[in-house]
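[1] Give me the fold of what follows.
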Amino acid sequence: MDVLHARESATASEVRAALPDAPGNSAVRTLLRILEDKGHIKHHQEGARFVYAPRVSRETASQSALQRVVSTFFQGSASQAMAALLENADTLISDDELKELQKMIHQARKEGR
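    Numbering: from 1, shown residues only. Take a look at the predicted model:
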């Protein structure tokens, strides 16, 4: 998905070429077919080639993926997900990011969320 969002569209070969430690051609094509079956991407044909493009914006896809992660691994709890991020020693949060998070929490409280 990252490759398709960055390029706006790409063939399976172009996707594979853009991936670090890329899997085989058939694995890339299979993944693209699965993503299309799930409605995440679409394709059109140019000659013998299929050209793939995302169906939704990166932001929409990110929100959907995050909701699935929170639901699957944190029983739907945003606070448990956030705690897991904050407990991770590799997580670096700047003062500006912390201030932004505080604003978002304050706004969510005002809205009753």
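
[2] backbone phi and psi for the residue nearest in space to the middle of the chain, please?
    A centroid search over the chain (Cα atoms, centre = their mean) returns residue 62, at 4.0 Å, as the residue closest to the centre. The phi/psi pair for residue 62 (degrees, to the nearest 10) reads phi -60, psi -40.

[3] Next: residue 75.
    Given degrees, to the nearest 10, the pair of backbone angles that residue 75 has is phi 50, psi 30.

[4] And the strands in the chain, which stretches?
    For the chain, the strands defined by DSSP state E cover 10-11, 41-46, 49-54.

[5] Mean pLDDT and distance to residue 94 added to the ones you listed, as JSON lines?
    (Each C-beta comes from the backbone N, C-alpha and C, glycine too.) Output for the strands of the chain, formatted as JSON lines (pLDDT from 0 to 100; distance: least, Cβ to Cβ, whole Å):
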{"stretch": "strand 10-11", "mean pLDDT": "96", "distance to residue 94": "33"}
{"stretch": "strand 41-46", "mean pLDDT": "96", "distance to residue 94": "34"}
{"stretch": "strand 49-54", "mean pLDDT": "96", "distance to residue 94": "30"}
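
[6] Take those strands and lay them out in TSV including distance to residue 107 and mean neighbour count.
    Listed next are these as TSV, based on distance: least, Cβ to Cβ, whole Å; neighbours: other Cβ atoms under 10 Å:
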stretch	distance to residue 107	mean neighbour count
strand 10-11	38	18
strand 41-46	33	13
strand 49-54	29	17
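
[7] Export those as CSV, with columns for distance to residue 86.
    CSV is the format used below for those (distance: least, Cβ to Cβ, whole Å):
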stretch, distance to residue 86
strand 10-11, 36
strand 41-46, 33
strand 49-54, 31
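
[8] Apart from its chain neighbours, what residue comes closest to residue 81?
    Residue nearest to residue 81 in three dimensions, not counting chain neighbours: residue 74, with 4.4 Å by Cβ to Cβ, 6 or more residues apart in numbering.

[9] The one you found and residue 32, how far apart?
    Counting by Cβ to Cβ, to the nearest Å, the separation of residue 74 from residue 32 is 29 Å.

[10] who touches the lowest-mean-pLDDT helix or strand in the chain?
    Lowest on mean pLDDT, DSSP states H and E among the helices and strands of the chain sits helix 78-87, with a mean of 89. For helix 78-87, the external contacting residues (Cβ atoms under 8 Å, 6 or more residues apart in numbering) are 69, 70, 73, 74, 91, 93.
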